[in-house]
Every structure is written in structure tokens, then in C-alpha cells.
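In: Quick one: sequence and predicted model below, then my questions.
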Number of protein chains: 2
Amino acid sequence: MPTLGIDLGGTFARAAVVDEVGKLIASSKVALVERSPSGVVETIAQAASDAVMAAGVPLGACGVAAAGQIHKDSGVLSVAPNLGWRNVPLGALLTDRLGQPVRVVNDLAAAAWGELHAGAGRGSQDMLVVFVGSGVGSAIIAGGRLVDGGGGVAGELGHIKVVPGGRRCGCGELGCLEAYAGGHNLIAQTRELLASGGAPEVARLTGGDPARITPVTLEQAAEAGDVAAGEVYARAAQFLALAVANQVTMLNPARLVLGGGVLRHCPGLRRRVEEGVRAWSSTTSREGLLIADAELGDDSGLIGAALLVK
Amino acid sequence: MPTLGIDLGGTFARAAVVDEVGKLIASSKVALVERSPSGVVETIAQAASDAVMAAGVPLGACGVAAAGQIHKDSGVLSVAPNLGWRNVPLGALLTDRLGQPVRVVNDLAAAAWGELHAGAGRGSQDMLVVFVGSGVGSAIIAGGRLVDGGGGVAGELGHIKVVPGGRRCGCGELGCLEAYAGGHNLIAQTRELLASGGAPEVARLTGGDPARITPVTLEQAAEAGDVAAGEVYARAAQFLALAVANQVTMLNPARLVLGGGVLRHCPGLRRRVEEGVRAWSSTTSREGLLIADAELGDDSGLIGAALLVK
């Protein structure tokens, strides 16, 4: 029976009716105009209703992918940074509103589940998925099961410490991987370079306008020989590649799936991660390892949330 | 029904009949005089027979814990460094010899399973076990299941890279955690300090005899203010603590169990690991985390191997 997947982002709620093998039957997207829990619940209900109407099929359960920390049994969103929420019982609110059981899961866990069953992880039972977008995140599949941890927050690759006491991260802690290699921080570091006046290629590529900086700017400036940009870029790449390599050593996945906007748009960084994994993961842990790019793009969370409630 | 556990070490084979809750009913220990596969199989059979005779109860299956890389389905020991073996079908050889099904598992995985069900992990479903003895190893339990990885070698914490291109490890690779923080390498580094003539406390504690150096020597010299010893010790402690903290961030275990001779005999190092986990793991990942010492000591592998075949 088809199931309903919801992807709750920071600006839109998307909904899709998904078949047993992860194919989208119908989907919809509604902007979040009101960010209170009740407003968001109404927006989700609207998106869900649109998708279900368009699909015209009887439905099974509903899965919701949301960014943040989620208590796995209760469906309470303890922390949802995109929405500024704390301790919102989203699962219960949606179950009431939609009149059917709803399971709320972390967005990266849902995305990994989608890739496992309908994307780059097909055929695999042991997979590590690494996403580098505005932040850095990961999800672990072991023996065909999602590793969610005792508190439901496993996979926080972006918040492993790479420089104890180092650069401040958006999470408030110091020296996290994300503070060096996440998209927001790649931009922030490149802006610092531009402001310092010591990064001529960054200045040339952006015409001196910090608003035009993206992670691609840093990669292009580094590849064009800008020394200061090269140092920031090499540091980010090494921290990221070493972190991923060390997780391959620990988890011995059969498949490593790389996704997220930064890895998609920065081929040099993507290549350095792969080279780092080949150089630094233990020989035994990478025997038979396949490295693949995520295939489902922005639909992975939507599809994964629907497949998780099968 | 009681089961049989075997712990195949580098110098002895131990066997024990273990009840449903992990209690030893009877055990035995036989020295390995001949290290060929057939010689070792005979020694194991002798130890097993002794334990079974002493227990005097009917037996279920048999689990064998062995150091090295084990193919999980076939029971082939791909690499067994203690015995100098490569590609020995130990599972099949023992199944033939003992006349009953035998499952071969990695010794640290078995030890973690023992701690989970009969030791410091009781009541937990999500656990990371870290052992620091002559080497550094770990095992991961997620949702009550052993995470063994696609190739059965998950948990190689000792072989994550902490200094790319750094100190050579016993595994042949460069810059592994074990090359700085494993017991053999703590001794090797302390011997280097003694040979350099620049570590007065090491010289005093050992009377200048490198054969008297243990990991405790390094900790005591560092704590007595020996500057050179302090640097080596602080580096080892930081690498180890940071690695464990980062695995807590990734895996979000409810329980962190610390074991192995080095952590047991070096209380300062044990304390620094705990302090590092509290300082460097992400706040969300360590909420509710309990840190405990391994309880089963040298029996953990034996008990875990028996419990794994229930």
C-alpha cells in the first residue's frame, strides 16, 4: 500500500504519496507562512491533502522528516533549529490533525533510508551517508537498520571535534567539523578572507561583493592559486575527508553515499573526500567499499519518510 | 540451555560452559603448544571437553571469540595476527571436530556482547565499548544488535587516523590512534624517551632498564613532572579521549564502557578519557550517557561468545 511522506523544511512543507519501491505517485509543496506549531501543522495538512487528492489511492501510514533532534518514540521535536522550536510534540499534533498514525524522524535519517531503498544504497545493508550542505550531517545504516542512538541523535558527524577549542560552530560549541567544512561556514570563512583583503581571487570572482560568495567561490579561488583561500579550503577538505575516512574505519560500511549541495556543486571537495577515504580509512575496513553519489536529491527525505512507515 | 564459549588467545585457549544469564558454570584453560590450524583445533577441543566434563550438563551451540578479522557468515579467519594465520576456515574446522555448529566472532565483539548481557552494559541497547590494552579496539551495539559492518570488521577504533602520515602502526599504516595510545606503543614511545636520555623520571622509575617499562611507567613519569614523558602522555591521552568523544557524538550510545589493561591500570588515562568525552562530545549526544568500567575482565570474550550463540 502506498504511504505518505512529508518533508518539513525551514520554508516549505512538501508531501508525497510514495509506492512500495519508493516511486513518487504524486507530490505537493506548500509554503510555511506561519511558523507556530499549529500553523505548521495546518500547512502540513494542506500539503498532505493536496498530494493524497492528486494520487487518488488509499493510503497507509504517514512519515515526517524534520531537521532537528527528535525523541524517537514520542515524536517530540526537542530542538528544531530551522523553526526555532523546542519540545514540540509534532507527532501527536499531526496524528490528531491527520487522523492517522504519524512517525516523525530526523531528516538525514529519512534521507538515508530513502537512498538505501530507492537510491544509491540499493542492495546494501551497511551504509554510511554523508551530507554536506549548509551543515554537515550523516546517517548510519547497519545490518539494514537505522542506527539512531540511545537518544535518537546518532550521526552528528558535523559536530565531532576536529580542533578542540577551535572555531565556534552554529551549535555553540568550539572546533566542530561543521565550523570548518559546512556550507554556511565555508561562506563565512571566505567572507573573512575577502574582508581581510588578502584573497585576490576571491575579490576577483565576486567583484568584492560578499553577498556573491558561495562555497564554490572558495573552491574556485583555491584552484586558481589564491594562497589564503587555498589554506582555508585545504583545511576544510582535510578535516572533512579525514572525518569520513575515520567513520569508514569504525563502521566498515559496504556503501558510502555522498550527498548535499556542497558536495554536489564542489567537485574538487567531493574528489578530496573520496581520495581521503582511500588514503586514510583502514585497509580492512575499505575492502569492497563502494563510494556513490546520492541519487534522490531533494526527494530523499520525502521518499525515505514514506518508506520508513511501511 | 547452557552454551559453550571459547576464547582463543595468542597463548591459551579457554573454554567455559555459560548459563542463560552469562554465569560461568565451569571453565578450563589449555596452553597452545602448536600454532598450526590443526594444532589449535585440537587444543580448543581439549579445552572444550574439559569444560563440558566439569559442567556435566547438556549443551547447546558453541561460540568462539578470536582476535582478528573474521568473515561473519563463513567463520573464516582472514587475518589472525596473534597466530600468524591468513584465511583459516576455523568455523568449519571446529564444527567438524566438535560435531556441532560453531560460530566464530571477533574477540572485542564477543567481549562487548558479554558486557551488554552480563556486565557493565546490562539494561542498555545502545553501547560503545572501548578497550585499551596492548592495542586499541572497540565494539558497537546499536538497538541491541552488534554492528559488525559489511565485511565484519567494524569497530577498528585503534586504526582511525589521528595524524595523517604520522607514527607507524603495527598494522603497517601511518598515524593510527593505536600507534600513539595502544599499550605496545605507549611502551615503545617510553623506551624511545629512555634511550634519548631526556626523560629523567622514566630513568629513575625503571633504573634505566627498558624491559621494566610498562604503560604505567609513562603515566607515573608524566605525573611526577617529567616534561618529555608528559608530552608523549598528554598526546596519547588527547588523541584517545578525542577519538572516543567523537564516536560518542556519532553513535549517541546510552552507555560507554571502558575496558582493557591499560585503562584498568592507568587511572589518570582513564580519567582523561572520561573528561574528554564530557568536554568534546556534542551536548545532545551525551545527554543521558552513562560511562562505566568493564566488569567481566578477562572473561568478557568467553561469556560473550557463549551468549552470542543462544
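Out: Received the coordinates, thanks. Remember, predicted model here, so these are calculated numbers, not experimental data.
In: Leaving out sequence neighbours, find the closest residue to the closest residue to chain B within the stretch 101-250 of chain A.
Out: Nearest residue of the stretch 101-250 of chain A to chain B: residue A:149, at 2.6 Å (CB to the nearest CB). (Glycine included, C-beta is placed from N, CA and C.) Of all residues not flanking residue A:149 in the chain, residue B:252 sits nearest, at 2.6 Å (CB to CB, 6 or more residues apart in numbering or on different chains).
In: any weak-confidence spans in chain A?
Out: For chain A, no stretch has pLDDT under 70.
In: ranges for the helices of it?
Out: For chain A, the helices defined by DSSP state H occupy A:37-55, A:90-98, A:107-118, A:178-181, A:183-196, A:200-206, A:215-223, A:227-251, A:261-265, A:267-280, A:300-308.
In: Can you convert the ones you listed into a markdown table and add a column each for distance to residue B:85 and mean neighbour count?
Out: Converted to a markdown table, those look like this (distance: least, CB to CB, whole Å; neighbours: other CB atoms under 10 Å in any protein chain shown):
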| stretch | distance to residue B:85 | mean neighbour count |
| --- | --- | --- |
| helix A:37-55 | 57 | 19 |
| helix A:90-98 | 51 | 19 |
| helix A:107-118 | 35 | 28 |
| helix A:178-181 | 41 | 27 |
| helix A:183-196 | 47 | 20 |
| helix A:200-206 | 55 | 20 |
| helix A:215-223 | 47 | 23 |
| helix A:227-251 | 22 | 23 |
| helix A:261-265 | 40 | 20 |
| helix A:267-280 | 27 | 19 |
| helix A:300-308 | 42 | 29 |
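In: Could I get the ones you listed in TSV, plus columns for distance to chain B?
Out: Output for those, formatted as TSV (distance: least, CB to the nearest CB, whole Å):
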stretch	distance to chain B
helix A:37-55	21
helix A:90-98	17
helix A:107-118	12
helix A:178-181	10
helix A:183-196	16
helix A:200-206	26
helix A:215-223	19
helix A:227-251	4
helix A:261-265	19
helix A:267-280	4
helix A:300-308	14
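In: My guess is residue A:282 contacts residue B:174. True?
Out: No - the criterion here is CB atoms under 8 Å, and residue A:282 misses it with residue B:174 at 11.5 Å.
In: show me the contacts for the nearest residue to residue A:212 once chain neighbours are set aside.
Out: Once flanking residues are discounted, residue A:212 sits nearest to residue A:206: 4.2 Å by CB to CB, 6+ apart. Residue A:206 sits next to A:194, A:212, A:213, A:217 when contact means CB atoms under 8 Å, 6 or more residues apart in numbering or on different chains.
In: Tell me which residue of the stretch 201-310 of chain A lies closest to chain B.
Out: residue A:252 (2.6 Å).
In: contacting residues around that residue?
Out: With the criterion set at CB under 8 Å, 6+ apart, residue A:252 makes contact with A:126, A:284, A:285, B:148, B:149, B:150, B:151, B:152, B:153, B:154, B:155, B:156.
In: just residue A:173 next, same as before
Out: A:159, A:161, B:282, B:283.
In: top of these by neighbour count?
Out: Counting by other CB atoms under 10 Å in any protein chain shown, residue A:159 has the largest number of neighbours within the contacts of residue A:173, with 28 neighbours.
In: List the contacts of that residue.
Out: Taking CB under 8 Å, 6+ apart, one finds A:169, A:171, A:173, A:176, A:177, A:178, B:249, B:282, B:285 in contact with residue A:159.
In: What of residue A:293?
Out: A:120, A:257, A:258, A:259, A:263, A:264, A:270.
In: quick one: residue A:39 and residue A:32 touch, right?
Out: Yes - using CB under 8 Å, residue A:39 makes contact with residue A:32 at a distance of 7.5 Å.
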